[in-house]
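Visitor: any chance you could fold what I've pasted below:
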Amino acid sequence: MERGNFSTRLGFILVSAGCAIGLGNVWRFPFITGLYGGASFVLIYLVFLAILGLPIMVAEFAVGRASVRSAAMSFDVLEPRGTKWHLYKYGAIAGNMLLMMYYTTISGWMIYYIYLMAAGRFSGLDAAGVGSVFGALLADPVTMAGYMTLVICLCAGVCYLGVQAGVERITKVMMVFLLVLMIVLAVNSVLLPGSAAGLEYYLMPDFSKIAEHGLQEVIFAAMGQAFFTLSLGIGALAIFGSYIGKSKRLTGEAVWVIVLDTFVAIMAGLIIFPACFSYGVSPAAGPNLLFVTLPNVFEHMALGQLWGVLFFIFMTFASMSTIIAVFENIIVCFHELTGADRRKIIRIGIPVIILLSLPCVLGFNLWSGFQPFGPGSGVLDFEDFFVSNNLLPLGSLVYLMFCTSRYGWGWTNFIKEADTGRGLAFPKWLRFYLTYILPLIVLAIFFNGYYALFFKG
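Guide: Residues are numbered from 1 along each chain as shown. A predicted model of the protein is given here:
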């Protein structure tokens, strides 16, 4: 298989942003912002995005570009002789596979909701009625499996076309449409009657809201969101680092990806909060905000059916851009490990990923008795816990330590790679912070995930 490369810098930035932009931005960000008090939470989140997300993203890009390999072989190429950094390849591949096992199901829900909205299936329903439609979907494994399979086939088809003709070209189009759709939807929400209260809640900091939950809880929530929104630690971004040339320094490229990622998250809030306040709906409604609350809001809007269809198209683009990126990473990992042809890996991968995704589908109905974290939890929570609370933080720790430790690739090699080309240089005075402080912050996020799950009421 001839190794793919991006044809343009814009392609690299938009595809990398597409990988980072996903359900963390447009599903988790608005409801977690609503839960922790709006603008004051957003400010804390942005600080952690800069001091947490940016250095780890540059490290992952640098490892990918220097090795010109995926996570399957990048450590083998760069590690000092006799060290065992390459063993992390199994954690990275497991992280990508696990992410696919539930992301595909949720993306299937998005496509199904485009159909429901377009067909007027929410017409005349109140919140309880909309909730019953979502409940009926979760109870129907055949419909869920069908839409999940459609998502996998569509994303595999994009990858089948190749890096430039498929992944780069189609993701670029999806991302441009996504950004335009967001602006249109946000303008519509801001112009709704009574939206001013939602804008104030979202954009005016009120630090008394932090006191309600406690500063420690809010800080950990902001750290966690900044960390997880970028899909760091499983090599999903390193693969795109391996596809770009040496003309640009990596810090500037990472800044662009984070700016786009943050723009989408902020715009998602501008769509959701004014609409919620305009129609008297709680912005802290949790994950149900998307599938129960918002369809009810769209039903009351002028041209609500149109706005609802556009919203779920945008949601589909956001989630599928991540799946395409992760699928691409898996394909290249298995090519590097086995030498098999790219298209053969995809043909084998489609039925394998469909089978691996079925437990998430069945967890809402036939296997609903499996409640690993107590009543209300299920297979999706179990899979997400392994990725979000384990493989992302621990994988990020591996990339950080590999780039800063003299027993790994080392600081000198990392800085040389990060600063090759033109553009924004990586701040070298951050060496102590990256080597000794940031790993402790990542470990704190890791342990807090377990504490929040098992010890918090």
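Visitor: so what's Ala221 up against?
Guide: By CB atoms under 8 Å, 6 or more residues apart in numbering, Ala221 lies in contact with Ile32, Leu35, Tyr36, Phe41. In short, each C-beta sits where N, CA and C put it, glycine included.
Visitor: tally of neighbours for Lys246?
Guide: Using other CB atoms under 10 Å, the number of residues around Lys246 comes to 12.
Visitor: tell me how far the residue nearest to it when sequence neighbours are not counted lies from Ser247.
Guide: Leaving out its chain neighbours, the residue that sits closest to Lys246 by CB to CB, 6 or more residues apart in numbering is Thr420, at 4.9 Å. Per CB to CB, to the nearest Å, Thr420 is found 9 Å from Ser247.
Visitor: quick one: which of those two has more around it?
Guide: Thr420 (16 against 10).
Visitor: is the more buried one located within a helix, as I assumed?
Guide: No - using DSSP: H, G, I helix; E, B strand; the rest coil, the assignment for Thr420 is coil, not a helix.
Visitor: list the buried ones in the helix or strand that contains Ala92?
Guide: Here Ala92, judged by DSSP states H and E, is contained in helix 88-118. By 16 or more other CB atoms under 10 Å, the buried positions in helix 88-118 come out as 88-89, 91-114, 116-117.
Visitor: before we move on, what about stretch 13-28?
Guide: Buried positions in stretch 13-28, judged by neighbour count with 16+ other CB under 10 Å: 13-28.
Visitor: and what of stretch 436-443?
Guide: Leu438, Pro439, Ile441, Val442.
Visitor: so where is the stretch 251-400 of the chain shaky, pLDDT-wise?
Guide: The stretch 251-400 of the chain contains residues with pLDDT under 70 at 283-287.
Visitor: elements contacting the helix holding Ala92?
Guide: helix 74-78, helix 127-138, helix 141-160, helix 294-300, helix 304-338, helix 342-362, helix 379-386, helix 392-404 (3 or more CB pairs under 8 Å, 6 or more residues apart in numbering; DSSP states H and E).
Visitor: so which of those helices is nearest Glu60?
Guide: Closest to Glu60 of the helices and strands packed on helix 88-118, according to CB to CB: helix 392-404, at 5.3 Å.
Visitor: give me the angle between the closest one and helix 88-118.
Guide: 130 degrees (axes from the mean of the first three to the mean of the last three CA atoms, to 10 degrees).
Visitor: and helix 392-404, what does it pack against?
Guide: helix 54-67, helix 88-118, helix 215-228, helix 411-418, helix 438-454.
Visitor: where among those helices is the average confidence lowest?
Guide: When these are compared by mean pLDDT, helix 215-228 comes last with a mean of 85.
Visitor: for that one, buried residues please.
Guide: Val218, Ile219, Phe220, Ala221, Ala222, Met223, Gly224, Gln225, Ala226, Phe227, Phe228.
Visitor: so who does the last one touch?
Guide: Residues in contact with Phe228, defined by CB under 8 Å, 6+ apart, are Gly24, Arg28, Ser388, Leu392.
Visitor: okay if I get the residues you listed as a markdown table plus distance to Ala165?
Guide: Formatted as a markdown table, the contacts of Phe228 follow (distance: CB to CB, whole Å):
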| residue | distance to Ala165 |
| --- | --- |
| Gly24 | 28 |
| Arg28 | 32 |
| Ser388 | 33 |
| Leu392 | 30 |
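Visitor: isn't Leu138 up against Phe364?
Guide: Yes - under the criterion of CB atoms under 8 Å, Leu138 makes contact with Phe364 at 4.1 Å.
Visitor: okay, and the common contacts of the two?
Guide: Met144.
Visitor: that older thread, need the helices and strands packed on helix 88-118 in JSON lines with mean neighbour count, can you?
Guide: Formatted as JSON lines, those follow (neighbours: other CB atoms under 10 Å):
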{"stretch": "helix 74-78", "mean neighbour count": "21"}
{"stretch": "helix 127-138", "mean neighbour count": "16"}
{"stretch": "helix 141-160", "mean neighbour count": "19"}
{"stretch": "helix 294-300", "mean neighbour count": "22"}
{"stretch": "helix 304-338", "mean neighbour count": "23"}
{"stretch": "helix 342-362", "mean neighbour count": "18"}
{"stretch": "helix 379-386", "mean neighbour count": "19"}
{"stretch": "helix 392-404", "mean neighbour count": "24"}
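Visitor: and of those, who's closest to Ile56?
Guide: helix 392-404 (4.9 Å).
Visitor: okay, angle between that closest one and helix 438-454 too, please.
Guide: Using the same axes, to 10 degrees: helix 392-404 against helix 438-454 is 170 degrees.
Visitor: how distant is helix 392-404 from the center of its chain?
Guide: Here the centre of helix 392-404 is set off from its chain's centre by 18 Å, with CA atoms, centre = their mean, to the nearest Å.
Visitor: what angle separates that helix from helix 54-67?
Guide: 60 degrees.
Visitor: helix 392-404 to helix 379-386, inter-axis angle?
Guide: Going by the same axes, to 10 degrees, helix 392-404 makes 20 degrees with helix 379-386.
Visitor: who touches helix 392-404?
Guide: Counting by CB under 8 Å, 6+ apart, 55-56, 59-60, 62-63, 75, 78-79, 85, 88, 91-92, 95, 227-228, 231-235, 238, 408-411, 413-414, 431, 434-435, 438-439, 442-443, 445-446, 449 sit against helix 392-404.
Visitor: how near is Ala221 to Ala62?
Guide: 29 Å.
Visitor: avg pLDDT for stretch 68-76?
Guide: Stretch 68-76 comes out at a mean pLDDT of 95.
Visitor: quick revisit: dump the buried residues of stretch 436-443 into CSV; add distance to Asp384 as well.
Guide: Conversion of the buried residues of stretch 436-443 to CSV gives the following (distance: CB to CB, whole Å):
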residue, distance to Asp384
Leu438, 24
Pro439, 24
Ile441, 21
Val442, 18
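Visitor: now for the residues you listed: which two are most distant?
Guide: Pro439 and Ile441 (7.3 Å).
Visitor: correct me if wrong: Ile272 contacts Ser189.
Guide: Yes - the criterion here is CB under 8 Å, and Ile272 meets it with Ser189 at 7.4 Å.
Visitor: between those two, who's got more neighbours?
Guide: Between Ile272 and Ser189, counted using other CB under 10 Å, Ile272 has the larger neighbour count: 30 against 26.
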